[in-house]
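Asks: Quick one, what's the 3D model for this:
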Amino acid sequence: MQNGILAAVLLNSKAADFVITGCGTGEGAMLACNAFPQVLCGHVQTPLDAYLFSQVNDGNCIALPFAENFGWGAELNLTYIFEKLFSTPGGGGYPKERVEPEQRNKRILDEVKKVTHKDLVSILSELDRDLVKGALSGEHFAELFFANCKDEAIAAAVRNVLS
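Replies: Numbering: from 1, shown residues only. Predicted coordinates:
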């Protein structure tokens, strides 16, 4: 759950535009991230997954399987995943003639998430403090977060947790 908290803080505050996370299978990390507002995380195992997630879903986070199928040639798969994920701007559609309905569906999902999720500052204040503090206590987190955060309310909530 801590990777979801961290992804939500980084994305909601606009300290980061995109988050790459994962776990053994990638499934738990994806679920943890998608539990938070303004985070749209896809489970990516292959370059095709990466490309389709970028073009069809236009999300802002991916979860990779760090243990599953990570044997011979895994470094090539990872290289190709990043190549396809960032090869063209997100939301371009696939196939290209599907761009309008896919972008419409993305807007619908974004609006649904606005209704079904409350604001991040409230969430951070209601979650277990030790859980949140653990998520935000990385060696360089404070230095990098506060230098790039563009939301003062989230910055204040993070300062409160870390104090």
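Asks: give the contact list for residue 90.
Replies: Residue 90 sits next to 54, 55, 58, 59 when contact means CB atoms under 8 Å, 6 or more residues apart in numbering. Any C-beta I mention is one placed from the backbone N, CA and C, and that applies to glycine too.
Asks: let's go with 6 Å and repeat that
Replies: For residue 90, the contacting residues are 54, 58, taking CB atoms under 6 Å, 6 or more residues apart in numbering as the criterion.
Asks: swap in the one 10 residues further on?
Replies: Contacts for residue 100 were tallied using CB under 6 Å, 6+ apart; there are none.
Asks: Work out for me the element it sits within.
Replies: helix 99-116 (DSSP states H and E).
Asks: Restrict that helix to CA atoms and write it as CSV.
Replies: Taking Å, rounded to 0.1, in the frame of the first residue of the first chain, the C-alpha atoms of helix 99-116 are listed here in CSV:
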residue,chain,number,x,y,z
VAL,A,99,-8.8,7.7,-30.7
GLU,A,100,-12.1,9.6,-30.2
PRO,A,101,-14.0,6.9,-28.3
GLU,A,102,-10.9,6.0,-26.3
GLN,A,103,-10.3,9.6,-25.2
ARG,A,104,-14.1,9.9,-24.4
ASN,A,105,-13.8,6.8,-22.2
LYS,A,106,-10.7,8.2,-20.4
ARG,A,107,-12.6,11.4,-19.6
ILE,A,108,-15.5,9.3,-18.3
LEU,A,109,-13.2,7.3,-16.1
ASP,A,110,-11.5,10.5,-14.8
GLU,A,111,-14.9,12.0,-13.9
VAL,A,112,-16.0,8.8,-12.1
LYS,A,113,-12.8,8.8,-10.1
LYS,A,114,-13.5,12.4,-9.0
VAL,A,115,-16.8,11.3,-7.6
THR,A,116,-15.6,8.0,-6.0
